[in-house]
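Q: next input, structure requested:
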Amino acid sequence: MQGETVRLRRKLVSNMKKLRAEKKITQEQLAEAIGITRQTISYLEKGEYNPSLKIAHDIAKFFDKAIDEVFQYEPILKIKREQFNLSQDQLATLIGVNVKEIIKLENEEFDEIPVFATKLAQQLNCTLDDLFE
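A: Sure thing, here's the model as predicted:
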């Protein structure tokens, strides 16, 4: 990957759990309302399933939201950082870089894998392949 233009890997995340809580409905109730299984709702909320456009549209319509208000692609880097409850500042300190470098990385303002990427992957308990395409 070194020397190539690279991108951060992304994962589809949803706000469905929060939206359901606001409406005070269960996964089962949402599933019934849009005609899918409760298990599908569970997988969607955990980011373990990418919905078809129809399902994404139906869910967004149910909540009276645009699709991109319900579903977003987040960089795996950000997801992993948040799993470890680390701010951008904290992560930067742990791997010995300026916070601007972490921000630049999360905003994909780079062409090559940065020199500190190996330390970053180690800190987040993953591989470079987990973080970069």
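Q: now do the contacts for residue 62.
A: 30, 33, 34 (C-beta atoms under 8 Å, 6 or more residues apart in numbering). Every C-beta, even on glycine, is put in place using the N, C-alpha and C of the backbone.
Q: residue 51 and residue 44 touch, don't they?
A: Yes. Counting by C-beta atoms under 8 Å, residue 51 does reach residue 44; the two are 6.0 Å apart.
Q: what about those two, which has more around it?
A: residue 44 (26 against 22; other C-beta atoms under 10 Å).
Q: so that one is in which element?
A: helix 38-46 (DSSP states H and E).
Q: what is the end-to-end distance of stretch 71-86?
A: Separation of the first and last residues of stretch 71-86 by C-alpha to C-alpha, to the nearest Å is 23 Å.
Q: let's check: the centremost residue of this structure is which one?
A: The residue lying closest to the centre of the chain (C-alpha atoms, centre = their mean) is residue 74, at 3.2 Å.
Q: shaky segments in the chain?
A: 1-5 (pLDDT under 70).
Q: start to end distance for stretch 23-38?
A: 16 Å.
Q: which residues of this protein fall in helices?
A: 16-23, 27-34, 38-46, 53-63, 67-70, 76-83, 88-95, 99-106, 117-123, 128-131 (DSSP state H).
Q: would you turn the ones you listed into CSV with distance to residue 6?
A: As requested, the helices of the chain are exported to CSV (distance: least, C-beta to C-beta, whole Å):
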stretch, distance to residue 6
helix 16-23, 30
helix 27-34, 37
helix 38-46, 27
helix 53-63, 27
helix 67-70, 24
helix 76-83, 12
helix 88-95, 18
helix 99-106, 11
helix 117-123, 9
helix 128-131, 9
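Q: now find how far off-centre the helix holding residue 44 is within its chain.
A: 15 Å (C-alpha atoms, centre = their mean, to the nearest Å).
Q: ok, residues contacting that helix?
A: 14, 16, 17, 27, 28, 30, 31, 49, 51, 55, 59.
Q: would you mark the buried spots in that helix?
A: The neighbour-count check on helix 38-46 (16 or more other C-beta atoms under 10 Å) flags 40, 41, 44, 45 as buried.
Q: for those, which one is nearest residue 66?
A: residue 44 (16.6 Å; C-beta to C-beta).
Q: all set now, cheers.
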